[in-house]
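Novice: Sharing a model that was predicted from the sequence below.
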Amino acid sequence: MNPSSHPQVSFYTQPILVQINQVAYDAQSSRRNISPPVEFCNAQTKGLGINLKDVLNFANFETLIDCPNDEILNTNVGQKLSYRLQFESQKPFAKQKYARTTGREIPVSRAKMARQVAEVVQAYFDERGFSSEDGHRYINIAPPERPQYLRLDQLYLTRVDHVTTGSLQPQLSVIEYGSPVPITSLPLAHAPAIQYL
């Protein structure tokens, strides 16, 4: 058999979007008027997830968002919303952001929410992170006995959960690479699969 008679098949390592475990924020009160989860889709990869570093670095980051940039929270939310992060075995962290412009009834848009989440996560890095010899700042998202250190540019916003009337919990993911798969078997617009840490 002549090997040259067979087409060359290139291989590519399939990206997997892995969601970071968080302790779900659960307040027994103030759970009226909860909106559905807000998902974030990437216009470039046709998949889920917006890189938080890109959100902070690019003035026109809205072009990365491939989901409708419409009203995503119900009109019953107040003037401010609290964004909450609680990684496994870590202390809770929260920052307040304005939900609406003064005098307007329209709540925060999808693009504005992405910006606010990126700013809150950046504040988490500033307060809880540490600088390494490589010049980057890291946070630990896992228990001390099995730490997992991440940079801001490794984090992707995939979803924001409306957990109480005035509170949101961003769901963040990282990209990991699974087993190699033939490029010829992939669709043109290949979206990363989602798994959980």
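Specialist: Yes, it's here.
Novice: only C-alpha atoms for contact and neighbour calcs from this point on.
Specialist: OK.
Novice: residues contacting Leu81?
Specialist: 96-99, 166-168 (C-alpha atoms under 8 Å, 6 or more residues apart in numbering).
Novice: nearest spatial neighbour of it, skipping sequence neighbours?
Specialist: Once flanking residues are discounted, Leu81 sits nearest to Gly166: 5.0 Å by C-alpha to C-alpha, 6 or more residues apart in numbering.
Novice: Quick check: that neighbour touching Ala94?
Specialist: No. Applying C-alpha atoms under 8 Å as the test, Gly166 and Ala94 come out as separate, 11.8 Å apart.
Novice: Okay, strands next: where are they in the protein?
Specialist: 11-19, 38-39, 41-42, 47-48, 50-51, 80-85, 93-98, 130-131, 137-140, 149-150, 156-164, 167-182, 193-196 (DSSP state E).
Novice: Adding mean pLDDT, write these out as JSON lines.
Specialist: Output for those, formatted as JSON lines (pLDDT from 0 to 100):
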{"stretch": "strand 11-19", "mean pLDDT": "70"}
{"stretch": "strand 38-39", "mean pLDDT": "84"}
{"stretch": "strand 41-42", "mean pLDDT": "74"}
{"stretch": "strand 47-48", "mean pLDDT": "68"}
{"stretch": "strand 50-51", "mean pLDDT": "87"}
{"stretch": "strand 80-85", "mean pLDDT": "92"}
{"stretch": "strand 93-98", "mean pLDDT": "94"}
{"stretch": "strand 130-131", "mean pLDDT": "93"}
{"stretch": "strand 137-140", "mean pLDDT": "92"}
{"stretch": "strand 149-150", "mean pLDDT": "92"}
{"stretch": "strand 156-164", "mean pLDDT": "90"}
{"stretch": "strand 167-182", "mean pLDDT": "78"}
{"stretch": "strand 193-196", "mean pLDDT": "41"}
